[in-house]
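Peer 1: any chance you could fold what I've pasted below:
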Amino acid sequence: MAAGGDGGVVGCGLSMERVRALTELSELEAAYSRLCEEESAVQQELDALLEQQGSIESKMVALQRMGPNLQLIEGDAQQLAGMITFTYNLAENVSSKVRQLDLAKNRLYQAIQRADDILDLKFCMDGVQTALRNEDYEQAAAHIHRYLSLDKSVIELSRQGKEGGIIDANLKLLQESEQRLKTIVTEKFDTAMKQGDLPQVERFFKIFPLLGLHEEGLSKFSEYLCKQVAKKAEENLQLVMGTDMSDRRAAVIFADTLTLLFEGIARVVETHQPIVETYYGPGRLYTLIKHLQGECDQQVEKVVEKFVKERDYHRQFQQVQNSMMRSSSAEKIEPRELDPILTEVTLMNARSELYLRFIKRRIVADFEVGDSMASEEVKQEHQKYLDKLLNNCLLSCTMQELIGYYITMEQYFMRETVNKAVAMDSYEKGQLTSSMVDDVFYIVKKCIGRALSSSNIDCLCAMINHSTTELESDFREVLCNKLKQGFPATTFQDFQRGVTSAVNIMHSSLQQGKFDTKGIESTDEAKQSFLVTLNNVEVCSENIMTLKKTLESDCAKLLSQGFGGEQAQAKIDSCLSDMADVSNKFRDLLQEGVNDLNNTAIKPQVKPWINLFLSISHSIEEEEFSDYEANDPWVQQFIVHLEQQMTEFKAGLSPAIYDNLTGLMTSLIATELEKVLLKSSFNRLGGLQFDKELRSLIAYLTTVTTWTIRDKFARLSQIATILNLERVTEILDYWGPNSGPLTWRLTPAEVRRVLALRKDFRDEDIKRLRL
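Peer 2: Numbers count the residues shown, from 1 in each chain. Alright, predicted model coming up:
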């Protein structure tokens, strides 16, 4: 469609001027085509709009219907806006008046506070004078405390008023009274402290904080308490020096003395902590305990000096140190002489650890209350104070030094006592183990238990490590050397087993009218020693694991009581892990010993018995098969030999070791018998005979071991199956897809080799098999 007029627009892109300027037919046709396309597009757009006419008209009708409702809503909204504006104005008027009232109230309170402070100032001045005249120092201190609590800015404002001169005079009198009261309280406290008058001491101790003298009051009170602690400690030490050595507590008298000292200090803290918290406030207990700990350090030093002197501790340590040096030729100290001293040292340290834990618990609880509103920096600073007090006090350092000496002496005690137990080793008939196993582990448990009783984690870990080293290096070496001597074979043993040379020796001895049993007896002892040593190694491995489990439980209890630092659990776990490794090393040594016993005592006998199989023909006829059934030519005798062989081991070994040895023997029999089979030849009845022999052997071995032996004899059972085949091709009924649940242990080449053992099978048939 085109608009009319010269200046009109044709379509969207062509003006009338441009159309009139066109002279070429092609240009006119192009312009016409373009106009037609634009007309078509406009027509489609108009059609689309006309299609929407119905929908638009329905919406317009709906809008017309909504008109009256919208007018109502507009009216309601205007009414609501008016109500909100009115409410806002009303609230604003009320709140402004409330603010004015609040301002007036605050100013009134300030005026009342100022008047009260002026009255309090006058009241404090009059009251303190009266109280001092009546020697009512508590009341006088209360007035001074009230004066010190007044707002200084209010007093300063009061001094600038009309009554400034009077207030200055009152302030001067109060300041003089304050200084006078401080002097009186200090003098009275010192007098009461000298006289040992506890009620008066506590009376004036409670006045100090009212005068703002918290630190001075705590310092003076601590001085008094320290004198009481020192006096009692001196009395206890004098009693120690007069104690009869036959007294039942004489061996731990110094530990008892330290216990009395710690209990005394703990009693002082428990008794006076409520007074400190009530009158001085939370967070002040640390100051009191710090002074008491200083006195505790001095008294501990005296007790430890007496202990070192009376017990000759340093000299014994030096002697132990010299004895532990290989180059030293000094006479060794008797281990049992160290026993009571070591027990006393651990008891002293345990009491110290318990006391320090008590102190830490009290201070931490006090700091928690006092620091509830404090910053993190203040809390960390207080924690540093506590750590420094506990770790750097003379008590901790002294005990650490004593424990350092103790560890060396305990190590010496353990080593020497273990050596004695090994030297005094004995064996009683009927017992599987010798005495040294129980003795050694009793000693080790005693030493570790004593270290555990010290409540010192580092000491405990050191002794666990020393015990582990002692068991792993020294004691295991003793057992290893015994096993290296091996299990002997004797002529007497050979005689029992029908060896010709033994018969000749026996015959020669009888001709001389005597039989030399010395060599036999010594050999029997060597055998017994080897078997007992195997049992000893097994029990050692089990005892180490039992000890480890016991220590895990005991250490858990110790840590649950709060002993040890953050790394305590990790240290203990590391030590106990090493102990488990040592147990495994004993287990490895046991396996080496059992293997050696199998190789030296069983293998040399079993192989000849199995080789006898070669002397029995398995290419037999019906008559021989029946004869074999009535008079077995090999397997029954072989079983008898095995029974005789294993009888002495069953009596001399623990069930677990015997079972292990039987398993090795079973594997040996299976291997050697297979080797012998491949050197034999069979016919159908011979294969059947071997199958019967194998079943008898498996049945016997099943009764003498708890291990599953059918797996070890799987190859032999499959060989027996092959040897029982009626024809070569019958193997295909059991091979490949026909094998069912059977898993063949033999390779195709081995199957052919076994088939070749049958004399009645042709080589051509065997070669033609497709396996």
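Peer 1: run through the strands of this structure in chain order.
Peer 2: Ranges of strands in the chain, per DSSP state E, are 9-10, 14-15.
Peer 1: where does the prediction get shaky in the stretch 151-300 of the chain?
Peer 2: Low-confidence segments of the stretch 151-300 of the chain, defined by pLDDT under 70: 151-167, 244-246.
Peer 1: stretch 441-459: which residues count as buried?
Peer 2: Residues 441, 443-448, 450-459 are the ones in stretch 441-459 that count as buried (16 or more other Cβ atoms under 10 Å). In short, each C-beta sits where N, CA and C put it, glycine included.
Peer 1: picking that back up, what's the least confident stretch among the strands of the chain?
Peer 2: Among the strands of the chain, strand 9-10 has the lowest mean pLDDT, at a mean of 42.
Peer 1: need the CA coordinates for stretch 90-99. PDB is fine.
Peer 2: Taking Å, rounded to 0.1, in the frame of the first residue of the first chain, the C-alpha atoms of stretch 90-99 are listed here in PDB:
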ATOM      1  CA  LEU A  90       0.300  12.100  67.500                       C
ATOM      2  CA  ALA A  91       3.200   9.700  68.200                       C
ATOM      3  CA  GLU A  92       5.800  12.300  67.300                       C
ATOM      4  CA  ASN A  93       4.100  14.800  69.800                       C
ATOM      5  CA  VAL A  94       4.100  12.100  72.500                       C
ATOM      6  CA  SER A  95       7.700  10.900  72.000                       C
ATOM      7  CA  SER A  96       9.000  14.500  72.000                       C
ATOM      8  CA  LYS A  97       7.400  15.000  75.400                       C
ATOM      9  CA  VAL A  98       8.800  11.700  76.600                       C
ATOM     10  CA  ARG A  99      12.300  12.800  75.600                       C
END
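Peer 1: begin at 40, not 1, for the rest of this chat.
Peer 2: Okay, using 40 as the starting number, the last item reads as stretch 129-138.
Peer 1: what's the average pLDDT for that stretch?
Peer 2: Rounded mean pLDDT across stretch 129-138 is 86.
Peer 1: same check on stretch 151-171?
Peer 2: Mean predicted confidence for stretch 151-171 is 70.
Peer 1: quick revisit: of the buried residues of stretch 480-498, which belong to helices?
Peer 2: 480, 482-487, 489-492, 496-498 (DSSP state H).
Peer 1: which members of these are the farthest-apart pair?
Peer 2: 480 and 497 (23.8 Å; Cβ to Cβ).
Peer 1: for the stretch 390-539 of the chain, which segments count as helices?
Peer 2: 415-431, 433-462, 474-492, 496-508, 515-523, 530-535, 539-550 (DSSP state H, counting those that start in this stretch).
Peer 1: report the buried residues of the fifth one.
Peer 2: Of the residues in helix 515-523, those buried by neighbour count under the rule 16+ other Cβ under 10 Å are 515, 517-519, 521-522.
Peer 1: chain center to that helix: distance?
Peer 2: Mean C-alpha position of helix 515-523 versus that of the full chain (Cα atoms, centre = their mean, to the nearest Å) differs by 34 Å.
Peer 1: what's the answer for the fourth one, then?
Peer 2: Its chain's C-alpha centre and that of helix 496-508 lie 16 Å apart, by Cα atoms, centre = their mean.
Peer 1: and that helix, what does it pack against?
Peer 2: In terms of contacts (3 or more Cβ pairs under 8 Å, 6 or more residues apart in numbering; DSSP states H and E), helix 496-508 is packed against helix 433-462, helix 474-492, helix 557-599, helix 607-636.
Peer 1: in JSON lines, list those helices along with distance to residue 690.
Peer 2: Listed next are the helices and strands packed on helix 496-508 as JSON lines, based on distance: least, Cβ to Cβ, whole Å:
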{"stretch": "helix 433-462", "distance to residue 690": "25"}
{"stretch": "helix 474-492", "distance to residue 690": "19"}
{"stretch": "helix 557-599", "distance to residue 690": "9"}
{"stretch": "helix 607-636", "distance to residue 690": "14"}
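Peer 1: which of those helices has the lowest average pLDDT?
Peer 2: Note on those: lowest mean pLDDT is at helix 557-599, with a mean of 86.
Peer 1: burial check on residue 690, number of neighbours?
Peer 2: 11 (other Cβ atoms under 10 Å).
Peer 1: same deal with the one 5 residues further on?
Peer 2: Residue 695 is flanked by 13 other residues according to other Cβ under 10 Å.
Peer 1: pull the contacting residues for the nearest residue to it once chain neighbours are set aside.
Peer 2: Nearest residue to residue 695, sequence neighbours excluded (Cβ to Cβ, 6 or more residues apart in numbering): residue 577, at 6.6 Å. The neighbours of residue 577, taking Cβ atoms under 8 Å, 6 or more residues apart in numbering as the test, are 625, 629, 693, 695-696.
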